[in-house]
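1. Okay, predicted coordinates and the sequence, questions at the end:
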Amino acid sequence: MIAVDTNILIYAHRQDLPLHEESLKWLRHLSEGSQLWGIPVFCLGEFVRVTTHPRIFDPPSTLEEATGSLTGLLRSPVLRILSPGSRYFEIFSGLLTTGDARGNLAFDAQIAAVCREHGVRRLLTADRDFMRFSFLALLSVSEKPFD
């Protein structure tokens, strides 16, 4: 299973961003394919926070645009929302320590922990900070989508 990070969702949503086309192709490939893929639940809120923030985008996306994008993705029959389970905090705590994930990097540890709990080993992201979590293979939107 491939999990998708917030930044890819944002790039696919915002036509004014440099990785828009590549990110959109990946999301179409995943959502229309036959392989399970996932979005960590934390990424949904972060997507809305970032895309609707007036200090980040001028103009920001409206709530309707942001939630509409997510609603479209959530219709994919092979998408799974990755939510924390009973082992989440133990995994999260360990990744904070082994990844030296302090401050803003703690959010990345949340994403990595929920991925690990669900057995996800591949993360589509443009954020190299995830390299600190050695169990994750990072996929780039510049790579050709594959099953």
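-> All right, it came through fine. Numbers count the residues shown, from 1 in each chain.
2. drop to CA atoms for contacts and neighbour counts, all remaining ones
-> OK.
3. What count of nearby residues applies to Glu143?
-> Neighbours of Glu143 under the rule other C-alpha atoms under 10 Å: 10.
4. Please apply the same query to Thr6.
-> The number of residues packed near Thr6 is 25, by other C-alpha under 10 Å.
5. Mind telling me what element the closest residue to it other than its chain neighbours is part of?
-> Distances taken as C-alpha to C-alpha, 6 or more residues apart in numbering place Cys43 nearest to Thr6, at 5.0 Å, with adjacent residues excluded. For Cys43, the host element (DSSP states H and E) is helix 41-51.
6. what's the offset of that helix from the middle of its chain?
-> Taking the mean of its C-alpha atoms, helix 41-51 sits 9 Å from the chain's own mean (C-alpha atoms, centre = their mean, to the nearest Å).
7. Tell me the buried residues in it?
-> By neighbour count on 16 or more other C-alpha atoms under 10 Å, the buried set for helix 41-51 is Val41, Phe42, Cys43, Leu44, Glu46, Phe47, Val48, Val50, Thr51.
8. ok, now which ones touch the first one?
-> Contacts for Val41 were tallied using C-alpha atoms under 8 Å, 6 or more residues apart in numbering; they are Ile81, Leu82, Ser83.
9. picking up where we left off before, so for the helix holding Cys43, what's the average pLDDT?
-> Across helix 41-51, pLDDT averages out at 98.
10. which is the next helix or strand following that helix?
-> Of the helices and strands lying after helix 41-51 in sequence (DSSP H and E), the nearest is helix 63-74.
11. could you point out which element follows that following helix?
-> strand 79-82.
12. Now the next helix or strand after that following strand - C-alpha only, PDB.
-> Under the assignment DSSP H and E, the closest C-terminal helix or strand after strand 79-82 is helix 88-98. This file holds the C-alpha atoms of helix 88-98, laid out as PDB (Å, rounded to 0.1, in the frame of the first residue of the first chain):
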ATOM      1  CA  TYR A  88      -0.300   4.100  17.700                       C
ATOM      2  CA  PHE A  89       1.100   5.900  20.700                       C
ATOM      3  CA  GLU A  90       3.800   3.300  21.300                       C
ATOM      4  CA  ILE A  91       4.900   3.500  17.700                       C
ATOM      5  CA  PHE A  92       4.700   7.300  17.700                       C
ATOM      6  CA  SER A  93       6.800   7.600  20.800                       C
ATOM      7  CA  GLY A  94       9.400   5.300  19.400                       C
ATOM      8  CA  LEU A  95       9.600   7.200  16.100                       C
ATOM      9  CA  LEU A  96       9.900  10.500  18.000                       C
ATOM     10  CA  THR A  97      13.000   9.100  19.700                       C
ATOM     11  CA  THR A  98      14.600   7.200  16.900                       C
END
